[in-house]
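**Q** Using only what follows, build the 3D model:
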Amino acid sequence: MRNSLLTVAFFVSVVFGQTVNITGTVTSGGQPIQGAVVKLFVQALACTSKADGSYSLGGQVATIGSRSLERANGFTYKNKSFVFTAAEPIPASVKLYDPAGRLVAGVFAGTLQRGETKVLFPLDRIGHSVLIVHVVMGAENATYRLVAASGKSFALSAPAFTNGKLSKALAISDWLQGSKAGYAASIQPISSYTGVINITLGALSPPNFGPNTYIYDPTMSMSTIQSQIDAFNTSATQFGNQRTAYLFKPGKYSLNVTVNYYIQACGLGIVPDSVTINGSVQSRGGSGSWASLSYFWRGAENMYVIPPAGQSNIWAVSQASPFRRMHIKGGLTLSDGGATSGGYSSDCKIEGKLDFGSQQQWYVRNSVISSSSGGMWNLLLHGVVGAPADDWPNGIHTVVDLVPLVREKPFITIDGSGKYSVFVPALRTNCKGVAWDSGAPAGVSIPIDQFHIAIAGTDNAASINAALAQGKNLILTPGIYYLDNSINVVRPNTVVLGLGLATLVPANNVVALKVADVDGVQIGGILFDADSSSVPMLLQVGETTSAVNHSANPTCLFDVFTREGGVGPGKDTCSVMINSNNVVLDHCWLWRADHGTGVGWTTNLSKSGLIVNGNNVIVYGHHNEHHQQYQTVWNGNFGRNYFLQCEMPYDVPNQTAFQHDGINGWASYKVGNSVTDHEAWATGIYAYYRDAPVTVANAIETPKVPGIKFHHIKLISLSGNQGTITHVINDTGSSIINQYVGGQ
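**A** Model prediction:
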């Protein structure tokens, strides 16, 4: 049978029903390995090794053996493109794998039309010296080995490179692969499906978390680590491109870990006490009394900090700077001599005092504190052991005893043998205090080899979607990912975890990240940046509203940060849309920029920060600012919002630009007209009309039904006599020029 689908022409013979009978042992370092997966690379057969390392792989396969190949015409690779030639239209796919059999990227999936098809694919950015290319055309398939040659090209061997062509070896019948999490996989060509083949797995192979992730070990020089951390802090800027993650292996360190813009510091233990920092994990106030107001986009997770005697650990930040799963031997202070504008912490144990300092607002969830002090306007302590008494409306504390439903954010761990995993904590209901105080928390550990570890500049939407389609979870290593298509999460229970403020920038009017209406997806630690192409939204959960109940296994979103403007004229219709039911959103900052580049009323456009269409959605730690119409639109029933920090837009040019349907302004919080049940706690809404005197009729609009309740509302005008909010909610409550405190 002759087929000239590509520029390569080859003869094949089809063999149906061939028997597979391969046996052997799997070892590493001379020791038998139990639980290793042995599989045929092309055929869908696999087995698992026993306690003595033995395996037996059997079954029936249909194979295609290549008899001959005209090597003169290989794949051409010119101007960073694969070029194929088809005699007639035919479905085809081309995928690249590394020598361990892990998918690197999908080159093509679709129908080759008659004639030449050119596919842009920059192989020089893949970062592998050896690649396996698997080609499927119609009912035929073939596998080839490519080796990097000079000139950013690939060939069978380095000398066999001519005029940009990718030379091919003869098609191999199949490859046998042995793999187990924590070991380097083994993959070898086979010419027969019968016989004895022993497999040796390589030594422990650490995952590649990309060039911007720094993994520290307690045996390393502390001065070397300190110097590197200090250098990153010096170079980090508010709207820069740097993205960095520090991962600390279990052990003891003597360091001052200062966390600046786009830096995330994480311990790799199963509990915070696995990684001890004698010193600090800190964000310090800059020069000037207002510096910390813009200390955004950073984070610290999963460490035990022992400050010097008599000192507190200082975490002087504002929005998008989560402090998660931390244990502080002394006190924690949330300001450093200047103003700070609000933030979030959860799953933390503070043995000393939690001092809110100058924080205007703060949300604390599932934590343990000994005492607290400070703060200015609106503090919500939720499920906190040691919380002060609720003193609203005379004070600033809202205290809610139990958290109704929550899952802590997934995190990366390493065990004593050096094996990496991602731990997904279990759901908790009606809970209080930290999840880890009695030891390892409940949950599941997912081996790192079940993740596609994406690297900015190498991975794109196509390669990420190809990995997700094969059942992989996803880690986005620190960097900026420019997307020409949506990342699509369609498999239930998929985990998507960003490191070091990994940033997604969509173009071509596409949604950056779309989640299907399925159970149990976990997404955390991602910054979404709108660009000038005006995308519909940045994150979408569920394509449309549905009646599907996900209460037993809800999708959970953690540390979701969006931005329109600041780094350029970003535009979207809304930042985040939640259509699925039972979603839990645990901490977000949805920010239409009020400063930076690409900023102006007609420049960085965004109508709303959050639109909730699903039922039974819960939001914890909600920060949402400066959008041009309703900041929050909540159309789903039985919604619960615990804490809101919301500033109306600064840059309204005049009243005409900020009104609708004969109503002055837009309410910051809009509950849809068909909603009958909704509750919110500690709702803070602030007005600063920098550029013009503006009046807003209501801060909050809802249907007037008994099932809708707002507990504790704080309104503040920061613009003096320039503008006002006429009513608090539904034409009720007096106008505010300076401050209103109230609520049920």
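**Q** residue ranges for the helices of the chain, please.
**A** 222-235, 461-469 (DSSP state H).
**Q** Comparing the ones you listed by mean pLDDT, which bottoms out?
**A** Among the helices of the chain, helix 222-235 has the lowest mean pLDDT, at a mean of 91.
**Q** Enumerate the positions of that helix that are buried.
**A** 225-226, 229, 232-233 (16 or more other C-beta atoms under 10 Å). (Glycine included, C-beta is placed from N, CA and C.)
**Q** Now for these: which two are most distant?
**A** 225 and 233 (12.8 Å; C-beta to C-beta).
**Q** okay, now the domains of this protein?
**A** 2-200, 213-403, 444-735 (automatic domain parsing).
**Q** mind giving me a markdown table with those domains and columns for distance to residue 416?
**A** A markdown table is the format used below for the domains of the chain (distance: least, C-beta to C-beta, whole Å):
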| stretch | distance to residue 416 |
| --- | --- |
| domain 2-200 | 11 |
| domain 213-403 | 8 |
| domain 444-735 | 13 |
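**Q** How many neighbouring residues does residue 593 have?
**A** By other C-beta atoms under 10 Å, the residues close to residue 593 number 26.
**Q** Next up, the contacts around it.
**A** By C-beta atoms under 8 Å, 6 or more residues apart in numbering, residue 593 lies in contact with 563-566, 570, 599, 604, 626.
**Q** What separation do you get for the closest residue to residue 310 other than its chain neighbours and residue 369?
**A** Nearest residue to residue 310, sequence neighbours excluded (C-beta to C-beta, 6 or more residues apart in numbering): residue 330, at 8.0 Å. According to C-beta to C-beta, to the nearest Å, residue 330 stands 12 Å off from residue 369.
**Q** Tell me which of these two has more neighbours.
**A** residue 369 (23 against 19).
**Q** For the more buried one, name its beta-bridge partners.
**A** Counting by DSSP bridges, residue 369 is bridged to residue 350.
**Q** Check the spacing between it and residue 301 real quick.
**A** 18 Å.
**Q** For the residue lying closest to residue 346 once chain neighbours are set aside, which residues are in contact?
**A** Once flanking residues are discounted, residue 346 sits nearest to residue 365: 4.1 Å by C-beta to C-beta, 6+ apart. Contacts for residue 365 (C-beta under 8 Å, 6+ apart) come out as 344-347, 382-384, 403, 406, 586, 620-621, 642.
**Q** pLDDT added to those, as a markdown table?
**A** As requested, the contacts of residue 365 are exported to a markdown table (pLDDT from 0 to 100):
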| residue | pLDDT |
| --- | --- |
| 344 | 98 |
| 345 | 98 |
| 346 | 98 |
| 347 | 98 |
| 382 | 98 |
| 383 | 98 |
| 384 | 98 |
| 403 | 98 |
| 406 | 98 |
| 586 | 98 |
| 620 | 98 |
| 621 | 98 |
| 642 | 98 |
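**Q** What values do phi and psi take at the nearest residue to residue 312 once chain neighbours are set aside?
**A** Distances taken as C-beta to C-beta, 6+ apart put residue 331 closest to residue 312, at 3.7 Å, once the chain neighbours are dropped. When read as degrees, to the nearest 10, the backbone of residue 331 gives phi -100, psi 170.
**Q** what about residue 331, how many neighbours?
**A** Residue 331 has 22 nearby residues by other C-beta under 10 Å.
**Q** same check, this time on residue 262
**A** Residue 262 has 28 neighbours, counted by other C-beta under 10 Å.
**Q** coming back round to it: now, the most widely separated pair of the contacts of residue 593?
**A** Longest span within the contacts of residue 593, C-beta to C-beta: 570 and 626, 12.1 Å.
**Q** Neighbour count: these two, which is higher?
**A** Between residue 570 and residue 626, counted using other C-beta under 10 Å, the more crowded position is residue 570 (30 against 24).
**Q** so who does that one touch?
**A** 529-532, 563-564, 593, 598, 604, 606.
**Q** nearest residue to it other than its sequence neighbours?
**A** For residue 570, the closest residue by C-beta to C-beta, 6+ apart turns out to be residue 530, at 3.3 Å.
**Q** quick revisit: pipe the buried residues of helix 222-235 into JSON lines and attach distance to residue 215 per row.
**A** Below are the buried residues of helix 222-235 laid out as JSON lines (distance: C-beta to C-beta, whole Å):
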{"residue": "225", "distance to residue 215": "11"}
{"residue": "226", "distance to residue 215": "16"}
{"residue": "229", "distance to residue 215": "13"}
{"residue": "232", "distance to residue 215": "14"}
{"residue": "233", "distance to residue 215": "18"}
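**Q** neighbours around residue 115, how many?
**A** 11.
**Q** hmm, back to that, dihedrals phi and psi, the residue nearest to residue 570?
**A** phi -70, psi 150.
**Q** In this structure it contacts residue 561, no?
**A** No. With contacts counted by C-beta atoms under 8 Å, residue 530 stays clear of residue 561, the gap being 12.0 Å.
**Q** More neighbours: which of those two?
**A** Between residue 530 and residue 561, counted using other C-beta under 10 Å, the more crowded position is residue 530 (32 against 26).
**Q** Mind checking which of the contacts of residue 570 are in strands?
**A** 529, 563-564 (DSSP state E).
**Q** Counting neighbours, which of those comes out on top?
**A** Neighbour tally across the ones in strands among the contacts of residue 570 (other C-beta under 10 Å): the maximum, 32 neighbours, falls on residue 564.
**Q** Beta-bridge partners for it, please?
**A** With DSSP bridges as the rule, residue 564 is bridged to residue 592.
**Q** With residue 90 instead?
**A** Those that pair with residue 90 in a beta bridge, by DSSP bridges, are residue 112.
**Q** Quick check, it in contact with residue 111.
**A** Yes. Between residue 90 and residue 111 there is a contact at 6.8 Å, judged by C-beta under 8 Å.
**Q** who's more crowded, these two?
**A** residue 90 (16 against 11).
**Q** gap between that one and residue 674?
**A** Counting by C-beta to C-beta, the gap from residue 90 to residue 674 is 51 Å.
**Q** With residue 276 instead?
**A** 53 Å.
**Q** Compare those two (neighbour count), which wins?
**A** residue 276 (22 against 9).
**Q** So residue 362 sits against residue 342, correct?
**A** Yes. The pair residue 362 / residue 342 is scored as a contact, 6.0 Å apart, by C-beta under 8 Å.
**Q** Please name the residues that touch residue 545.
**A** By C-beta under 8 Å, 6+ apart, the neighbours of residue 545 are 579, 613-614, 636.
**Q** nearest residue to residue 94 other than its sequence neighbours?
**A** Residue 94 sits nearest to residue 107 (C-beta to C-beta, 6+ apart), 4.0 Å away.
**Q** Just to check, the one you found is in contact with residue 118?
**A** No. Applying C-beta under 8 Å as the test, residue 107 and residue 118 come out as separate, 11.6 Å apart.
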